[in-house]
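> Take this sequence and fold it.
(2 chains)
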Amino acid sequence: DAKTTQPNSMESNEEEPVHLPCNHSTISGTDYIHWYRQLPSQGPEYVIHGLTSNVNNRMASLAIAEDRKSSTLILHRATLRDAAVYYCILRDVDNYGQNFVFGPGTRLSVLP
Amino acid sequence: NAGVTQTPKFRVLKTGQSMTLLCAQDMNHEYMYWYRQDPGMGLRLIHYSVGEGTTAKGEVPDGYNVSRLKKQNFLLGLESAAPSQTSVYFCASSILAGGSYEQFFGPGTRLTVL
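Residues are numbered from 1 along each chain as shown, chains lettered A, B, ... in the order given. Model prediction:
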């Protein structure tokens, strides 16, 4: 299975941009890159996903390296509500492509 | 829509007891999943289902059984609970969206086995 590597923790100041990195050097050509986040005492929630091109939505942007061996989740203006654990996940296309593998993620702290 | 709901929210069991966790979704999703999350760890997939009447093993299936008799429900059973099964259990559902499978998660069930 392709694996991801993320920093254990990061800090940001409120209203500043945050760049959360993820390395996935063994990614295969058909693996999608997903980002989820988990707020304290809640289930994870979807943030964004992409395959090759950069992606934007109302929550964040996803920048994917040209060789796809790394990606960066960008929060344009961090708020206190963005303090969470962020998971970078590759969708394994084994079986029915359903086997999401969550690593320990990056714990983001947002300082007022 | 209620989304994904889980019953119960909390439970304490003694070693050897059995119980069933219920997951329900009202989004007409084909795919459903059960994960466990131990303190300070990411989620690990226990079992999943790609449709009514079908189930498959995930990363950590031992000690658990599942059933998907109705499309909207996915049950997780522990036949003989062990302290190692103390964890928070999350259910999720998904539908193919934009070439991928966005998952919607429930609020979790906190299980303690004494």
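
> Averaged over its residues, which helix or strand of chain A has the lowest pLDDT?
Every helix and strand of chain A was ranked by mean pLDDT, DSSP states H and E. The lowest is strand A:99-100, at a mean of 68.

> and the one helix or strand B:Tyr48 maps to, how far from the chain's centre?
Assigned by DSSP states H and E, B:Tyr48 belongs to strand B:43-51. Distance of strand B:43-51 from the chain centroid (CA atoms, centre = their mean, to the nearest Å) equals 7 Å.

> likewise stretch B:102-111?
8 Å.

> how far away is B:Thr86 from A:Gly103?
Distance of B:Thr86 to A:Gly103, computed by CB to CB, to the nearest Å: 21 Å. C-beta: built from backbone N, CA, C; applies to glycine.

> Nearest residue to the middle of chain B?
Note on chain B: the residue nearest the mean C-alpha position is B:Trp34, at 2.7 Å, using CA atoms, centre = their mean.

> what pairs with that residue across the strands?
Assessed by DSSP bridges, B:Trp34 has beta-bridge partners B:His47, B:Cys91.

> Which residue, neighbours along the chain excluded, lies closest to whichever residue of chain B sits closest to chain A?
Across chain B, the shortest distance to chain A (CB to the nearest CB) belongs to B:Phe105, at 3.2 Å. Nearest residue to B:Phe105, sequence neighbours excluded (CB to CB, 6 or more residues apart in numbering or on different chains): A:Gly43, at 3.2 Å.

> With A:Thr30 as the reference, measure out to B:Lys14.
Applying CB to CB to B:Lys14 and A:Thr30 gives a distance of 46 Å.

> do the same with A:Gln42
To A:Thr30, A:Gln42 is 31 Å away according to CB to CB.

> What of B:Thr112?
Here the criterion is CB to CB. By it, B:Thr112 lies 40 Å from A:Thr30.

> neighbour count winner among these two?
Using other CB atoms under 10 Å in any protein chain shown as the criterion, B:Thr112 and A:Thr30 rank with B:Thr112 on top: 13 against 10.

> Using PDB, write out every CA atom in stretch A:54-66.
Taking Å, rounded to 0.1, in the frame of the first residue of the first chain, the C-alpha atoms of stretch A:54-66 are listed here in PDB:
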ATOM      1  CA  ASN A  54      -4.300  21.700  -8.300                       C
ATOM      2  CA  VAL A  55      -7.800  21.900  -6.800                       C
ATOM      3  CA  ASN A  56      -9.700  24.700  -5.000                       C
ATOM      4  CA  ASN A  57     -12.900  24.600  -3.000                       C
ATOM      5  CA  ARG A  58     -14.500  26.800  -0.300                       C
ATOM      6  CA  MET A  59     -12.500  25.200   2.500                       C
ATOM      7  CA  ALA A  60      -9.000  25.000   1.100                       C
ATOM      8  CA  SER A  61      -6.700  24.500  -1.900                       C
ATOM      9  CA  LEU A  62      -4.700  21.400  -2.800                       C
ATOM     10  CA  ALA A  63      -1.400  21.800  -4.600                       C
ATOM     11  CA  ILE A  64       0.000  18.600  -6.100                       C
ATOM     12  CA  ALA A  65       3.600  18.400  -7.200                       C
ATOM     13  CA  GLU A  66       4.200  17.600 -10.900                       C
END
